[in-house]
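Novice: show me the folded form of this:
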Amino acid sequence: MSIGYLALVLHAHLPFVRHPESDYVLEEEWLFEAITETYIPIIQVFEGLKRDGIDFKITMSLTPPLVSMLLDPLLQDRYDKHLAQLQTLAEREVERNTFNGHLKYLAEYYVNEFAQVRQTWEKYQGNLVKAFKQFADSNNLEIITCGATHGYLPLMKMYPQAVWAQIKVACDHYEEVFNRPPNGIWLPECAYYDGLERMLADVGLRYFLIDGHGILYARPRPRFGTYSPIFTPTGVAAFGRDHESSQQVWSSEVGYPGSPEYREFYRDLGWDAEYEYIKPFVMPNGQRKNVGIKYHKITGRGLSLGEKELYDPYWAKQKTAEHAGNFVFNRERQVEHLYGIMQRKPIIVSPYDAELFGHWWYEGPWFIDYLFRKTWFDQSTFAMTHLADYLREHTTHQVCYPAQSSWGYKGFHEYWLNETNAWIYPHLHKAAERMIELSVREPADELEWRALNQAARELLLAQSSDWAFIMRTGTMVPYAVRRTQSHLMRFHKIYEDLQQEKVDSGWLEKVEAIDNIFPNVNYRVYRPL
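Specialist: Numbering: from 1, shown residues only. Just a heads-up that it's a prediction; the model follows:
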């Protein structure tokens, strides 16, 4: 009999990046890289566990923008071509390195890996949502939702209708896709403010995730800290992140991903190869980019990229098994210690960005595989669970008011509101005011109805926390600025056209084709609560 639980939670999210108006946009490759390196490898891990009779339990958020992109025929077709180009490059690499044993070995490894990705992609006819759904149907995977476009909710709270729209549109979209309502929500950036739980209860959600200090500084102080959920006064449960287990995995400084045996993310063939050779596989304008074939390992701290040694997936996989074993050992000791203090079964909630596993930390999916296998076969101290099962089995918890918090830098709202991105919020607030005004309008005809719904889409897309995040990190900033501005400009054009009662039908049709997220959205979701 186990004396505790471990809940692994993966947050699978990407901003809605889809550009039918252009033949090539580099940012669409964020999705393509994540499919190749994270989503398909995780699906393959799940398939292997099921095949071997391991009744694994894991929670994953699939955010509405990500689900929308994974289901989009245009992006599915573009990914198919992206993967074909990757396979061609890997095959050429085998020929090019005929007389270099180690590089030939690695090139052949990539040929095989991309062939397996292709096999999984074609098995599900390019529909990875269908792939994840099958594991939800077998109750191995609990799929939860997020904000409609990952909007940063505490910075919208002065407009409750805008917060409600982010939550309600997300839950409606989830139900359309998965044919059932969601049980839980990953609050965007784990950002919580007092009173948010009332809306979560009203929309029918049972639980949400926040950062650890959102629980630790709750009122009254929770008796069991983050090792048991709390109930908010509305009855919705809050699960807090366990700092110890989280840091062991995500930290490149003290965590597993910094091990010298693992693949070096920042050394890529797209920059290493001779220009004329790699030119057909980089950007159409000839500019170099990462192509996804990486031949070097981290090697050691303090080395330049040029000093990195060649990677060996065999030894990396051995190290991954060792790290998974260490993680299991540490959780056993942690659970034993906590059980002795609490005199009840603790739950350790370990949430991570899904893209850490495979994209940033190439060996991450192997780690998940070994973790489930070692947990299943090698110990009995704790059981893996997903959050919905845990709440069904444990129905009594302390009632507290969580503290305002996020999982960002310094644990508050600073990363999304600072000198790099503060300029966006007056514009977003003005648009929210106008959308609330439009929400009580009755459309004169079908064209106005479509315009009102498109206005809702444009505001939702402008509110994505990803744009403020990118502005703060300093990478791809022009794209984030352009996306914020373009959605706001489209929104205000629709608003002004409606005020003048002369909607531009040709222009509206083009915008609907570009920003086609949430085809069934109803603008009335913004009506005063």
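
Novice: only C-alpha atoms from now on, for both contacts and neighbour counts.
Specialist: Will do.

Novice: can you tell me the element the residue nearest to Pro443 when sequence neighbours are not counted falls in?
Specialist: Once flanking residues are discounted, Pro443 sits nearest to Trp449: 5.3 Å by CA to CA, 6 or more residues apart in numbering. Assessed by DSSP states H and E, Trp449 sits inside helix 446-462.

Novice: what mean pLDDT does that helix have?
Specialist: In this model, helix 446-462 carries a mean pLDDT of 98.

Novice: who does it touch, helix- and strand-wise?
Specialist: For helix 446-462, the elements it packs on are helix 424-439, helix 477-499, helix 505-514, judged by 3 or more CA pairs under 8 Å, 6 or more residues apart in numbering; DSSP states H and E.

Novice: what are the buried residues along that helix?
Specialist: For helix 446-462, a neighbour-count test (16 or more other CA atoms under 10 Å) marks 448-462 as buried.

Novice: okay, buried residues for the biggest helix by length in the chain please.
Specialist: Ranked by number of residues, the top helix in the chain under DSSP state H is helix 313-342. Neighbour-count burial for helix 313-342 flags 313, 316-317, 319-321, 323-325, 327-329, 331-332, 334-336, 338-339 (criterion: 16+ other CA under 10 Å).

Novice: was I right to think Gln404 contacts Leu216?
Specialist: No: with contact defined as CA atoms under 8 Å, Gln404 and Leu216 do not form a contacting pair (11.0 Å).

Novice: looking at these two, which is more packed in?
Specialist: Between Gln404 and Leu216, counted using other CA atoms under 10 Å, Gln404 has the larger neighbour count: 22 against 18.

Novice: counting neighbours, what do you get for the nearest residue to the more buried one once chain neighbours are set aside?
Specialist: Distances taken as CA to CA, 6+ apart place Tyr193 nearest to Gln404, at 4.6 Å, with adjacent residues excluded. Number of residues near Tyr193 (other CA under 10 Å) recorded here: 16.

Novice: now Gly204
Specialist: As a burial measure, Gly204 scores 15 neighbours (other CA under 10 Å).

Novice: quick check on it: phi, psi?
Specialist: Phi and psi for Gly204, reported as degrees, to the nearest 10, are phi 100, psi 10.

Novice: swap in Arg301?
Specialist: For Arg301, the backbone dihedrals (degrees, to the nearest 10) come out as phi -80, psi 150.

Novice: how far away is it from Asn453?
Specialist: Per CA to CA, to the nearest Å, Arg301 is found 52 Å from Asn453.

Novice: what sits against Pro260?
Specialist: Residues near Pro260 by CA atoms under 8 Å, 6 or more residues apart in numbering: 297-300.

Novice: which residue packs closest to it, ignoring adjacent ones?
Specialist: Thr299 (4.3 Å).

Novice: ok, Phe327 to Pro181 distance?
Specialist: Note on Phe327: its distance to Pro181, by CA to CA, is 33 Å.

Novice: now swap in Ala12 and tell me
Specialist: Where Pro181 is concerned, Ala12 sits at a distance of 18 Å (CA to CA).

Novice: same check on Ala131?
Specialist: Distance from Ala131 to Pro181, by CA to CA: 19 Å.

Novice: more neighbours, those two?
Specialist: Ala131 (21 against 18).

Novice: part of a helix, is that one?
Specialist: Yes: assessed with DSSP: H, G, I helix; E, B strand; the rest coil, Ala131 lies in a helix.

Novice: tell me where the stretch 201-350 of the chain has strands.
Specialist: For the stretch 201-350 of the chain, the strands defined by DSSP state E, counting those that start in this stretch occupy 207-210, 230-231, 237-240, 347-353.

Novice: okay if I get those strands as TSV plus distance to Lys104?
Specialist: Output for those, formatted as TSV (distance: least, CA to CA, whole Å):
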stretch	distance to Lys104
strand 207-210	45
strand 230-231	54
strand 237-240	46
strand 347-353	33
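
Novice: could you count how many residues lie near Gln248?
Specialist: 18.
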